[in-house]
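> Curious how this folds, go ahead:
(chains A, B, C and D)
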There are 2 protein chains.
Amino acid sequence: MITISDIATKANVSAGTVDRVLHNRGGVSEKTAERVRKIVKDNNFKINAVASSLANKKSRTIAVLIPDYSETNTFWKDTRLGVEKALEEFLKFGVKLEVFVFQQFDASSYEEEFQKLIESNPDGAIIAPTFRNETAKHIPKIEANKIPYIFINIDLDGFKNISFLGQQSYKSGYLAGKLMHVSLGMPAVIAVIQTKLNVENNQALSRRIQGFSDYFVKKEIPLELKMVNIDDVLDAKMVKNTLNLELSKINGLSGLFVPSSRASVFVDALNSDLLNILEVVGFDGTEQNLNSLKDDRISFIISQQSFNQGYNAIKLMVDFLIEKKLPTPKMYSPIEILTKENI
Amino acid sequence: MITISDIATKANVSAGTVDRVLHNRGGVSEKTAERVRKIVKDNNFKINAVASSLANKKSRTIAVLIPDYSETNTFWKDTRLGVEKALEEFLKFGVKLEVFVFQQFDASSYEEEFQKLIESNPDGAIIAPTFRNETAKHIPKIEANKIPYIFINIDLDGFKNISFLGQQSYKSGYLAGKLMHVSLGMPAVIAVIQTKLNVENNQALSRRIQGFSDYFVKKEIPLELKMVNIDDVLDAKMVKNTLNLELSKINGLSGLFVPSSRASVFVDALNSDLLNILEVVGFDGTEQNLNSLKDDRISFIISQQSFNQGYNAIKLMVDFLIEKKLPTPKMYSPIEILTKENI
DNA sequence: TGTAGTTTCGTGTGCGCACACGCAAATATA
DNA sequence: TATATTTGCGTGTGCGCACACGAAACTACA
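Numbering: from 1, shown residues only, chains lettered A, B, ... in the order given. Okay, here's the model as predicted:
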C-alpha cells in the first residue's frame, strides 16, 4: 500500500507538502504541486479512508432531499433504504446523514425542505430535483457555499451537479416496447395511461413513451397507440370510472402501457373482462407493482434498482468528500426486467 | 466518544491491560479483568473499528479457487472481476487475496490447485466446488485447520461451508420457459442442447431443464422437447455438423434452449435458415453471449450477476473474519433477464 | 545592505488501537 | 534466606493521515 510519505519521498518533499497538495490547501509553489500531482496520479495513490477518518475528527454530513413515500406511493422507499444501508456502512468513517423529505407533488413543500437543507449547511447533498424552477432558484445558494451535489432520478441539465444517477428513460421505454411486443405478438392496439401529476417527471415519461413507440416503428410493426388521460390518480373511484370507460371505447385493445410507476393503481381499477385480455407493462418495482406482478395482473415491470441508486449516490458522495474521487457525470442504472418468475 | 484509555483510567489500570481484557489475551488477574469488564459494559464501550483496523497490521488472506477463463469460455471472468473489485475495496483493511485457477474440465488440475490452496494456509477460502469427489477429498484438510469456506456457483451439500452464493437453477429454468413462451407463442417444439463436459454442473443444468419444462406443464401449454447431445463443444466443425443435422430432423422446430453458458457457440454454428426461424434462450452474460444478443441471434439470456457473486463472496468472508458476522447460509443471486435492449 | 513581509515548506503531535517489550511483584524452588 | 520462575501489568511504538506551528528562502522596499 502506497502512503503519503511514499509520495513525499518520490517527490522529494515532505509529507506535509503532499498533504497540502492533496487538499488544495495552498501554500505550495505550482512547480512542486504539479510534480506531486503527477506522482500521485502515476502511482494511483488514494487517500486511506481509514487513517483519514481517524485523524480527521470532523464528521461529514450529507444531506438528502427526496420525496416522501406513502402507503399508496412507495416509489421512493427503496431509495431511502439504500441511503440508510450506505449510512450504516459509512458511519464508522464519520459520515452523517440528514434526510429531508417533501411531498412529491407539492412544490412549496419541496422549497421548504430545500431551504432547511441549505440551512443545515451540509458537506454534500443528494437531491431529487423534482421541480425545475424551484431547483434553479435554490441551487445557487448551495453553490455559493461550495457544497457539491448529486442529482438522483431526474436529470436536469444546466446545473453543476457532480453526478447524476438514474435511468435512461428512452432506452427503458424502448425495452418496454419489446416486452410488450413479445407478450402480444402483432398487430397491436395499445393504450398509454398518462397522468399529469408531476411536471418534471413528464419529461422522463414522454421519453419513455417515445422509446416505446419507436421500438414498433423500428421493427416495422403496425401499432395503434391510444392516449388515455387520468387526471387524479389519488381518487380511486374516478380512476376506475374513467379508465374502464375510456378503454372500453378502444377497438381490439390488447395492451396497456403505463410509463409511470403507478401501473398497479390502474390494474387494480380494471374491470375483470379487460384485465383478462390485457398485457400490462409498467415501471418501477414498488411493493404494489410487485404484488400485481405476482397476481398476473402485470406482465412486465421495468425497474431501475432504486435501492442501488440510493446506496450508490451516498457512496459516490463519500468517495468524493473523503477520497476526492471525481464521480462519472452520469451513472445509468441497469434497466432491469421484472416478471412474476424472477422477483 | 469513550476510548480504551478512558476505560483504563476509570479502572485504575493501563490501556494495555484493558486491551488484554478486551481481546482475551490472558495475563490479567481475574479480579482486575472483572473490574474492567464491568466498566466496559457500564459505559457501553465499543472498539473503534476504524482505529482498530488501522492499527491492526495483521493481514487476512482469502484464497479463491475458481476455474480459469479463456477466450472461448469467459464464464468465470466476471466472477474474477468482482473478486478483484472487492480486493481493491478491502485492501485498506488489510485483506489479501490469493487466487488459484484450475482448468474447468480437468479434475486433476482442480485437485492440484486445491492442494496449493491448502498449503497457502489462508484465513478463509472461496471455492467453486466443480468436482464433488475431489472436493470431498480435500475439504477435511481445510476444516482441520479451521479455515472457514464459502461455496460459490455450485451448491454441494453435505459440507460445512458457512455460505453458498449462486443461482436457483430450477427457478432460472422456469423463467427461461416463460421467456421462451412469450417469444414463441404456442404450441412449441423446442430443442434442448446438452453437452457432457462438466459432471457436477450437470445437476444444475438438469434442474434448469426441469424448471423450463415445468413452466409449460404448469401453464398447460403443449410442448415438445427434443434433446440434442453435442459431445465436444470445443470441436467447432463437429458442433456445426451434428447440430445442424440433428436440428433439421425436427419437425416444426421453433426454439432452442441452451441450459449451459455456451449458447453463443451453438448459434454461431447454426445454418442461416435455422438461425432465422429459431428463438434462442440461454444462460450467463459472457462476452460471447452478449455479442450474440446484440446480433439478434439469441433472444434472451438469463444471467446470475457473476460479478456480484464474486464481490459478495469476498465481502461476506471479510465480514465474517473481521467483524465475526455470520453470513446467511444461502445467498441466491437475482435472476436477471438480458436482452438486446438492456445490456 | 538591512529590514520587514511573504511564500514555501518541514516537523511534530495526536487520532484510538494492537501488540511487543520488559519490569516488578508474587510465587515457587533450592 | 537466596534465587529462579511465573504472573500481572505499564510503557512505548507505529498504523496513515490532518493540521498547527514555525523555520528557511525569497521578495520588496528603504
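> Around chain B, pick out the residues from chain A.
Within chain A, the positions near chain B by Cβ under 8 Å from any Cβ of the partner chain are A:1, A:48-51, A:53-54, A:92-93, A:171, A:174-175, A:178, A:182-183, A:185, A:215, A:334-337, A:339-342. Backbone N, C-alpha and C define where each C-beta goes, glycine included.
> Now with 6 Å, please.
Within chain A, the positions near chain B by Cβ under 6 Å from any Cβ of the partner chain are A:48, A:50-51, A:53-54, A:92, A:174-175, A:178, A:182-183, A:335, A:337, A:341-342.
> among those, which ones are buried?
Neighbour counting by 16 or more other Cβ atoms under 10 Å in any protein chain shown classes A:48, A:50-51, A:53-54, A:92, A:174-175, A:178, A:182-183, A:335, A:337, A:341-342 among those as buried.
> show me which of those neighbour DNA strand D.
Residues of these in contact with DNA strand D (Cβ under 7 Å from any atom of the strand): A:48, A:51, A:54.
> ok, of those, which one's closest to B:Phe131?
A:Asn48 (40.7 Å; Cβ to Cβ).
> Need the nearest residue in space to the closest one, chain neighbours excluded.
Distances taken as Cβ to Cβ, 6 or more residues apart in numbering or on different chains put B:Lys92 closest to A:Asn48, at 5.3 Å, once the chain neighbours are dropped.
> State the three-state secondary structure for the one you found.
Secondary structure, DSSP: H, G, I helix; E, B strand; the rest coil: B:Lys92 is helix.
> That one contacts A:Lys46, correct?
No: in this structure, B:Lys92 is not within contact of A:Lys46 by Cβ atoms under 6 Å, at 8.5 Å.
> can you pull out the helices in the stretch 1-150 of chain A?
Using DSSP state H, counting those that start in this stretch, the helices of the stretch 1-150 of chain A run over A:4-11, A:15-22, A:30-42, A:49-55, A:77-90, A:107-120, A:132-144.
> coming back round to it: out of the ones next to DNA strand D among the buried ones among the residues of chain A next to chain B, which comes closest to DNA strand C?
A:Leu54 (4.2 Å; Cβ to the nearest atom of the strand).
> Next up, the contacts around that closest one.
For A:Leu54, the contact set (Cβ atoms under 6 Å, 6 or more residues apart in numbering or on different chains) comprises B:50-51, B:54.
> Specify the local secondary structure of A:Ser292.
Secondary structure for A:Ser292, judged by three-state DSSP, is helix.
> so how far is DNA strand D from the nearest residue to A:Lys294 once chain neighbours are set aside?
Leaving out its chain neighbours, the residue that sits closest to A:Lys294 by Cβ to Cβ, 6+ apart is A:Lys340, at 6.0 Å. Here A:Lys340 is placed at a distance of 49 Å from DNA strand D (Cβ to the nearest atom of the strand, to the nearest Å).
> A:Lys340: neighbouring residues, count only.
Using other Cβ atoms under 10 Å in any protein chain shown, A:Lys340 has 19 other residues around it.
> List phi and psi for it.
Backbone torsions of A:Lys340, given as degrees, to the nearest 10, read phi -50, psi -40.
> Give me the pLDDT for it.
If you check A:Lys340, the pLDDT there is 92.
> Double-check it against A:Leu293; I have them as touching.
Yes: under the criterion of Cβ under 6 Å, A:Lys340 makes contact with A:Leu293 at 5.2 Å.
> Identify the residues contacting A:Leu117.
A:Leu117 neighbours (Cβ under 6 Å, 6+ apart): A:63, A:65, A:100.
> ok, 10 Å please
A:Leu117 makes contact with A:63-65, A:98-100, A:102, A:125-127, A:138, A:141-142, A:147, A:149, according to Cβ atoms under 10 Å, 6 or more residues apart in numbering or on different chains.
> Of those residues, which is the nearest to B:Gly26?
After measuring the contacts of A:Leu117 against B:Gly26 - Cβ to Cβ - the closest member comes out as A:Glu98, at 45.0 Å.
> Next, count neighbours for the residue nearest to the closest one when sequence neighbours are not counted.
With sequence-adjacent residues excluded and distances taken as Cβ to Cβ, 6+ apart, A:Glu98 is closest to A:Ala63, at 4.8 Å. When neighbours are counted by other Cβ under 10 Å, A:Ala63 registers 26.
> Quickly list what A:Ala63 is bridged to.
A:Glu98, A:Ala125 (DSSP bridges).
> picking up where we left off before, next, format the contacts of A:Leu54 as TSV and append pLDDT.
Output for these, formatted as TSV (pLDDT from 0 to 100):
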residue	pLDDT
B:Val50	88
B:Ala51	91
B:Leu54	90
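> any idea which of those is closest to DNA strand D?
For those, the nearest to DNA strand D is B:Leu54 (4.1 Å; Cβ to the nearest atom of the strand).
> Many thanks, I have nothing further to ask.
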